[in-house]
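Participant: this one's structure only:
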């Protein structure tokens, strides 16, 4: 992967369309919250990732950084939580696809987004397809990622341009994309802020998983990060403002906020209605592409753990022709499909989507606690000696990530049973990590017996 591929991959992994919906929940104060998020989390994240990647440009990314800094146990649990993040995030693919298609095909087809059999069938087809793409390797997968990233930028800028043009023509008289409004000091506002910081702006370190398959990773990943950062910030701020021009905060569809805004914005232009399905399908490509890149990276975590003898060698076996971890890819695909089925039992599609989103990003946040702890607490023999400003940046990122984890049990949408939502979220996070720790301990005992 060259710097162009890494640039598109960075945008693809960081820009998560559903978090436009979360940020819109606070209305006009989103601009101030985005700026605070960039200052207190996004910039510190970029600095820490660039610093660690230059010192440890290794295949496996954060997993290897954690293992070398804190030992095999923390390294394994970091990889485990990264793996769980992608499995649960990938499990949303059926919900996202059917919802996007319902907006693209119009009100008559709205039923497909709430039909669980359609969602299940869509999940099976897409998971099988992305397993196939991942098996072929990055020579094919990177072009899927580049296409999805480019289409995402085009679609969001289309929404921004639509709002801007209608503002110039006097149609949207209240549209002020950079209005600075102080956010309310409430638990709800703090909860949304935590989603906008960690949830929306994480992902820069994920591309480092492909360091072993990139040209000059120590330099190019850093350069791609610096080039992509301002693009990401502009997309989030201007995109959220444009979305709020058409959809009030209380009516935002958290599964497909951008398609919802596009349909509302183009409703008054019958001749341009053809752009609605086209733009929605373009944005859908973002999801499929991001799932493809994330799934490919996820399959490499068990492979690298197998190299380090933390998992059975079965996970590290490579395809004879494509040199991809076939067994690891198939295993991840099976678990992802099981998760996509299980989460649909007994809840609405909006709640199922929110649960998957929160669970997956909470697993991801736990790995970020380790990421930001490395510049602060890494073992001396690693040679990591960051300056004072990098330590301050790492501490800021750690605190905001911890805030996201603590507030993950609080829903930002109306659910029938908030306490049940919270208990379910806590049980999944604690239960999964307990299972991961047990799996690691069992593997350690097996390795000890084998050596004896």
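Facilitator: Structure's in. What do you need? All of these numbers come straight from a predicted model, not from anything done at the bench.

Participant: pLDDT value on residue 313, please?
Facilitator: Note on residue 313: pLDDT of 69.

Participant: now residue 309
Facilitator: Looking at residue 309, the pLDDT reads 67.

Participant: same check on residue 276?
Facilitator: Predicted confidence (pLDDT) for residue 276: 69.

Participant: what do you get for residue 415?
Facilitator: 66.

Participant: flag the shaky bits of the stretch 351-452 of the chain, pLDDT-wise.
Facilitator: Applying pLDDT under 70 to the stretch 351-452 of the chain flags residues 411-416, 443-452.

Participant: quick one: the helices in it?
Facilitator: For the stretch 351-452 of the chain, applying DSSP state H, counting those that start in this stretch gives helices covering 388-407, 418-451.

Participant: in TSV: the ones you listed, plus mean neighbour count and distance to residue 326.
Facilitator: Heads up, the C-betas are built off the backbone N, CA and C, glycines and all. Compiled in TSV, the helices of the stretch 351-452 of the chain are given as follows (neighbours: other C-beta atoms under 10 Å; distance: least, C-beta to C-beta, whole Å):
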stretch	mean neighbour count	distance to residue 326
helix 388-407	18	34
helix 418-451	13	21
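
Participant: and of these, who's closest to residue 351?
Facilitator: Of all the helices of the stretch 351-452 of the chain, helix 418-451 sits nearest to residue 351, with 7.5 Å by C-beta to C-beta.

Participant: on contacts alone, who are the packing partners of that closest one?
Facilitator: The contact analysis (3 or more C-beta pairs under 8 Å, 6 or more residues apart in numbering; DSSP states H and E) places helix 418-451 against helix 72-90, helix 349-377.

Participant: and these: which comes nearest residue 107?
Facilitator: Residue 107 sits nearest to helix 349-377 of all the helices and strands packed on helix 418-451, at 16.6 Å, using C-beta to C-beta.

Participant: could you check how far the closest one is from the centre of its chain?
Facilitator: 9 Å (C-alpha atoms, centre = their mean, to the nearest Å).

Participant: how big is the angle separating that helix from helix 72-90?
Facilitator: 150 degrees (axes from the mean of the first three to the mean of the last three C-alpha atoms, to 10 degrees).

Participant: just the buried positions in helix 349-377, please.
Facilitator: 349-375 (16 or more other C-beta atoms under 10 Å).

Participant: one step back: redo the helices and strands packed on helix 418-451 as JSON lines? Include distance to residue 194.
Facilitator: Putting those into JSON lines (distance: least, C-beta to C-beta, whole Å) gives the following:
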{"stretch": "helix 72-90", "distance to residue 194": "16"}
{"stretch": "helix 349-377", "distance to residue 194": "9"}
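
Participant: of the ones you listed, which is nearest residue 434?
Facilitator: helix 72-90 (10.6 Å).

Participant: for that closest one, name the packing helices and strands.
Facilitator: Counting contacts by 3+ C-beta pairs under 8 Å, 6+ apart, helix 72-90 is packed against helix 62-70, helix 275-307, helix 326-342, helix 349-377, helix 418-451.

Participant: minimum distance to residue 11: which of the ones you listed has it?
Facilitator: Nearest of the helices and strands packed on helix 72-90 (C-beta to C-beta): helix 275-307, 9.5 Å.
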